[in-house]
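**Q** sequence unknown, structure follows:
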């Protein structure tokens, strides 16, 4: 299963983003394919936080952000990925192995969720996920895999 990180969702949503067309095409390729794909819940929360932030000009209205989230959630092959019963142990192992502290725990949480759900590839434009070698990542916005 492929999972999608926050930045791909934000670029696909924000028309003024330089990578908008590529990100939108990447999401469409997943939505149009019958195979299941996923979004970790923390990525969806971060998407909402990012696009509605006053730091983004103009910020997306709450109504439009929720509409975008509902359009995603309504896709029949999308799976929302969350923490399972063994999450704390998996997160602990990942954080210890990568010596993760501070704000980097957010990415470790996403990695732990992906690994628990059998994600084979996380699509992200964030190189910080390289700290988790057990999770394969790919930037679908770049020409090279």
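**A** Yes, it's here. Computed from a predicted structure; not experimentally measured.
**Q** buried ones in stretch 37-53?
**A** Burial within stretch 37-53, assessed by neighbour count using 16 or more other C-beta atoms under 10 Å, is assigned to 37-40, 42-44, 46-48, 50-51. C-beta coordinates here come from the backbone N, C-alpha and C atoms, glycine included.
**Q** Run through who's touching stretch 53-72.
**A** Contacts to stretch 53-72, defined as C-beta atoms under 8 Å, 6 or more residues apart in numbering, come from residues 9, 13-14, 39, 44, 47-48, 50-52, 78.
**Q** can we see that at 7 Å?
**A** Stretch 53-72 has contacts (C-beta atoms under 7 Å, 6 or more residues apart in numbering) with 13, 39, 44, 48, 50-52, 78.
**Q** Stretch 84-97 too?
**A** 105, 108-109, 111-112, 115-116, 132.
**Q** what's the answer for stretch 118-133, then?
**A** By C-beta under 7 Å, 6+ apart, stretch 118-133 touches 1-5, 7-8, 26, 38, 94, 98, 100, 104, 107, 111, 114, 135-141.
**Q** which among these end up buried?
**A** For the contacts of stretch 118-133, a burial check counting by 16+ other C-beta under 10 Å picks out 2-5, 7-8, 26, 38, 94, 98, 100, 107, 111, 114, 135, 137, 139-141.
**Q** Among the residues you listed, name the ones in helices.
**A** Judged by DSSP state H, helices contain the following of the buried ones among the contacts of stretch 118-133: 7-8, 26, 94, 98, 107, 111, 114.
**Q** Farthest pair within those?
**A** 26 and 98 (26.3 Å; C-beta to C-beta).
**Q** And for residue 73, nearest residue in space, chain neighbours not counted?
**A** In this structure, residue 73 finds its nearest non-sequential neighbour in residue 80, 7.0 Å apart by C-beta to C-beta, 6 or more residues apart in numbering.
**Q** Show the model's pLDDT score for that neighbour.
**A** Model confidence at residue 80, given as pLDDT, is 97.
**Q** cool, and residue 25?
**A** 96.
**Q** Which pair of the contacts of stretch 53-72 spans the longest distance?
**A** Taking C-beta to C-beta as the measure, the contacts of stretch 53-72 span a maximum distance of 21.0 Å, between 52 and 78.
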